[in-house]
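Q: compute the structure for the input listed below.
(chains A, B, C and D)
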2 protein chains.
Amino acid sequence: METKIIPDIIVGRMPLYLRALQRMIEEGRRVTSSQELGERLGISAAQIRKDLSQFGEFGKQGTGYSIDYLAGQISQILKVDRVWEIIVVGAGDIGSAVARYQGFTNRGFRVTMLFDNDPTKIGQQVGNFTVLDSKDLEEAIQKAGIQVAMIATPSPEAQAVADLLVKAGIRAILNYAPTSLNVPEGVQLQYIDPVVHLQRMTYYL
Amino acid sequence: METKIIPDIIVGRMPLYLRALQRMIEEGRRVTSSQELGERLGISAAQIRKDLSQFGEFGKQGTGYSIDYLAGQISQILKVDRVWEIIVVGAGDIGSAVARYQGFTNRGFRVTMLFDNDPTKIGQQVGNFTVLDSKDLEEAIQKAGIQVAMIATPSPEAQAVADLLVKAGIRAILNYAPTSLNVPEGVQLQYIDPVVHLQRMTYYL
DNA sequence: TAGATTGTTAATCGATTAACAATC
DNA sequence: TAGATTGTTAATCGATTAACAATC
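A: Just a heads-up that it's a prediction; the model follows:
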């Protein structure tokens, strides 16, 4: 029953707060302040307090935030207090690396299947995965009730794959293909294209 | 001699415009409009015109933009009308995938060296690269005059690697380790962390 | 010419920051 | 209590949108 609408730009910062807090937990820390978090992240303390206050009152005047507690609260807010199963489409270099990536553990995600449409790849072993045939994508998604997918195909195929994923019931797509996609309202879409980041930096060199 | 300061948020959209234009070139298109670009990218036409007008007048009333010409202009603006050599630090799954990635070609970048500090990896072949010893990082960067680097090490090592890179003269870092880094003023820093994108989406599920 | 689309201005909208009372 | 830090309000700042004259 989402009543208050939180600006997307704030939602987008919450994972950064969570990541910093989890780092602090690893370091054995117990409490932090908006100021310290801000320094680590390069964000103003006022903004962090304002962002967090959108979701509740998590701190104590005079002492700051319990790291464990705040991390737990943000995990709930972002719905990563559970494990989302992900499928990966495209078993090339990127798809294979993503499928093997250890960094999803404990952050709310687990890759469960890896697909490709290349007959020479289907059946091959990639880490713990046997590459599955893309033609079985829809059935597999529906059978397992998967909601999150990553696209790691060549650009020209990405839109068709996205269409298929949406049709199969996928509700969130992370696209590694360097191309813009169109998905229906209500389907979440995010992009990872290293060149976009690199070009943004070379402007300043 | 940069005189007018362009908001960073606008600089950040320019690579997206360039990517869409290069896609149109592949499709054999010759001209486009702010409206068409906007539809592809999910950005308003007014914003695209406003963004582009920060850098010059690239269009023609009544007809729109020559795709070739505009792509060329944006390439110059972003300084990707040349090829930047990149080094990759960390030859695990991500670093290896990034080093082999074909998508840098024609977009202004080329990976030239791949480093690791793990003796079992040093000397191994990864695609066209022989994994080099991280202890030679500084010398190699300076000798080749490299300015752009990617970090693909485990999180705990990332800050130390960043410090070393900066010391060696690197001016732009793309960090794949899921941790915030601190670099001196004037050194460009961007992040890629798939989990941040995924968590931003699960909020809405 | 008529239609289309730019570049730009002014208006609107939204995000960030500064400041401080509340309170641990 | 004194010091520290939150959550929140009001002020500032910046980004987006709407509208349109200019002009191809």
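Q: going forward, measure contacts between C-alpha atoms and count neighbours the same way
A: OK.
Q: could you pull out the helices for chain A?
A: Taking DSSP state H as the test, the helices found in chain A are A:8-26, A:34-41, A:45-53, A:67-77, A:93-100, A:137-144, A:155-168, A:194-202.
Q: do you know which of those helices lies nearest DNA strand C?
A: helix A:45-53 (4.1 Å; Cα to the nearest atom of the strand).
Q: same list, the helices of chain A, but as a markdown table with mean neighbour count and distance to residue B:98 please.
A: Compiled in a markdown table, these are given as follows (neighbours: other Cα atoms under 10 Å in any protein chain shown; distance: least, Cα to Cα, whole Å):
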| stretch | mean neighbour count | distance to residue B:98 |
| --- | --- | --- |
| helix A:8-26 | 18 | 23 |
| helix A:34-41 | 17 | 25 |
| helix A:45-53 | 16 | 33 |
| helix A:67-77 | 18 | 30 |
| helix A:93-100 | 22 | 8 |
| helix A:137-144 | 15 | 26 |
| helix A:155-168 | 17 | 16 |
| helix A:194-202 | 22 | 9 |
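Q: got a list of what the residue nearest to residue A:191 when sequence neighbours are not counted touches?
A: Using Cα to Cα, 6 or more residues apart in numbering or on different chains and skipping the chain neighbours, the partner closest in space to residue A:191 is residue A:175 (4.8 Å). Counting by Cα atoms under 8 Å, 6 or more residues apart in numbering or on different chains, residue A:175 touches A:150-152, A:189-192.
Q: bridging residues for residue A:175?
A: residue A:151, residue A:191 (DSSP bridges).
Q: center of chain A - which residue?
A: Chain A has residue A:174 as the residue nearest its centroid, 7.3 Å off, counting by Cα atoms, centre = their mean.
Q: report whether the expected contact of that residue with residue B:200 is present.
A: No. The criterion here is Cα atoms under 8 Å, and residue A:174 misses it with residue B:200 at 10.6 Å.
Q: re earlier: mind putting the helices of chain A in CSV, distance to residue A:87 and mean pLDDT included?
A: Putting those into CSV (distance: least, Cα to Cα, whole Å; pLDDT from 0 to 100) gives the following:
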stretch, distance to residue A:87, mean pLDDT
helix A:8-26, 21, 98
helix A:34-41, 30, 97
helix A:45-53, 31, 98
helix A:67-77, 22, 98
helix A:93-100, 8, 96
helix A:137-144, 8, 97
helix A:155-168, 10, 97
helix A:194-202, 21, 98
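Q: quick one: these as CSV, columns for distance to residue A:128 too.
A: Shown next, in CSV, are these (distance: least, Cα to Cα, whole Å):
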stretch, distance to residue A:128
helix A:8-26, 26
helix A:34-41, 35
helix A:45-53, 39
helix A:67-77, 27
helix A:93-100, 8
helix A:137-144, 18
helix A:155-168, 23
helix A:194-202, 26
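Q: want to throw these into a markdown table with distance to chain B?
A: Output for the helices of chain A, formatted as a markdown table (distance: least, Cα to the nearest Cα, whole Å):
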| stretch | distance to chain B |
| --- | --- |
| helix A:8-26 | 5 |
| helix A:34-41 | 6 |
| helix A:45-53 | 14 |
| helix A:67-77 | 7 |
| helix A:93-100 | 5 |
| helix A:137-144 | 16 |
| helix A:155-168 | 9 |
| helix A:194-202 | 5 |
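Q: what's next to whichever strand in chain A runs longest, contact-wise?
A: In terms of residue count, the longest strand belonging to chain A (DSSP state E) is strand A:109-116. Strand A:109-116 is contacted from outside by A:80, A:83-91, A:95, A:99, A:104, A:122, A:129-134, A:137, using Cα under 8 Å, 6+ apart.
Q: which of the residues you listed are buried, as a PyMOL select command?
A: Buried subset of these, written as a PyMOL selection, criterion 16 or more other Cα atoms under 10 Å in any protein chain shown:
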select buried, chain A and resi 80+84+85+86+87+88+89+90+91+95+99+104+122+129+131+132+133+134+137
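Q: so which of the contacts of strand A:109-116 are in strands?
A: Using DSSP E, these in strands are A:84-89, A:129-130, A:132-133.
Q: and the residues you listed as JSON lines, adding distance to DNA strand D and pLDDT?
A: Formatted as JSON lines, the ones in strands among the contacts of strand A:109-116 follow (distance: Cα to the nearest atom of the strand, whole Å; pLDDT from 0 to 100):
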{"residue": "A:84", "distance to DNA strand D": "29", "pLDDT": "98"}
{"residue": "A:85", "distance to DNA strand D": "32", "pLDDT": "98"}
{"residue": "A:86", "distance to DNA strand D": "30", "pLDDT": "98"}
{"residue": "A:87", "distance to DNA strand D": "32", "pLDDT": "98"}
{"residue": "A:88", "distance to DNA strand D": "31", "pLDDT": "98"}
{"residue": "A:89", "distance to DNA strand D": "31", "pLDDT": "98"}
{"residue": "A:129", "distance to DNA strand D": "41", "pLDDT": "98"}
{"residue": "A:130", "distance to DNA strand D": "42", "pLDDT": "98"}
{"residue": "A:132", "distance to DNA strand D": "40", "pLDDT": "98"}
{"residue": "A:133", "distance to DNA strand D": "40", "pLDDT": "98"}
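Q: for those, give me CSV that also has distance to DNA strand C.
A: Below are the ones in strands among the contacts of strand A:109-116 laid out as CSV (distance: Cα to the nearest atom of the strand, whole Å):
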residue, distance to DNA strand C
A:84, 27
A:85, 30
A:86, 29
A:87, 31
A:88, 31
A:89, 32
A:129, 40
A:130, 43
A:132, 41
A:133, 41
